[in-house]
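>>> missing the sequence, but the structure's below:
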Ligand code: ZN
């Protein structure tokens, strides 16, 4: 179990130091801002939806390792998925980190690295902030998301 935890920690550190899909695309279709005042994390999610699918997704932001790694892994997870699938992933991820669900299914495999945050309610907000912001971007919400 501790080996697994070490591996999870490595993935989180890797993604927080070298976030994937980081940056603002030249052609922004939809976006939303998110803020986690408890930790000071801020995330902006940029989204291009074509034919009901997440054709492109990226983010900018700053914050703790958990929030940045979560945003990075989220963009990898939802790219190419339908809007309905992306929403379902958010629901599942939320249930996972809040301890309502056990291990994720295959599609969410990589997100299992956040299993450890369920023991820390403050960290749950860091991990879910990018997802809340993604949902806001899907709905083109103008108002910034806050975890409070
Ligand atoms: Zn945080």
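Perfect, thanks for sending it. Owing to the predicted nature of the structure, the values given are computational and were not obtained by experimental measurement.
>>> can you pull out the helices in the chain?
2-17, 65-78, 83-97, 121-138 (DSSP state H).
>>> the ion contacts on the protein?
Neighbours of the ion within the chain, by Cβ under 5 Å from the ion: 39, 41, 63, 64, 67, 126. C-beta: built from backbone N, CA, C; applies to glycine.
>>> sorry, back to before: I'd like the helices of the chain as JSON lines, with mean neighbour count and mean pLDDT appended.
Putting these into JSON lines (neighbours: other Cβ atoms under 10 Å; pLDDT from 0 to 100) gives the following:
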{"stretch": "helix 2-17", "mean neighbour count": "14", "mean pLDDT": "86"}
{"stretch": "helix 65-78", "mean neighbour count": "25", "mean pLDDT": "96"}
{"stretch": "helix 83-97", "mean neighbour count": "18", "mean pLDDT": "92"}
{"stretch": "helix 121-138", "mean neighbour count": "23", "mean pLDDT": "95"}
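>>> redo these as CSV? Include distance to residue 48.
Formatted as CSV, the helices of the chain follow (distance: least, Cβ to Cβ, whole Å):
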stretch, distance to residue 48
helix 2-17, 22
helix 65-78, 12
helix 83-97, 12
helix 121-138, 10
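>>> looking at the ones you listed, which is closest to residue 58?
With Cβ to Cβ as the criterion, residue 58 lies closest to helix 65-78 of the helices of the chain, at 6.1 Å.
>>> show residues contacting that closest one.
In this structure, residues lying in contact with helix 65-78 by Cβ atoms under 8 Å, 6 or more residues apart in numbering are 11-16, 19-22, 36, 39, 41, 43, 45, 54, 57-59, 61-62, 85-86, 89, 93, 107-108, 110-111, 113-114, 117, 123, 126-131, 134.
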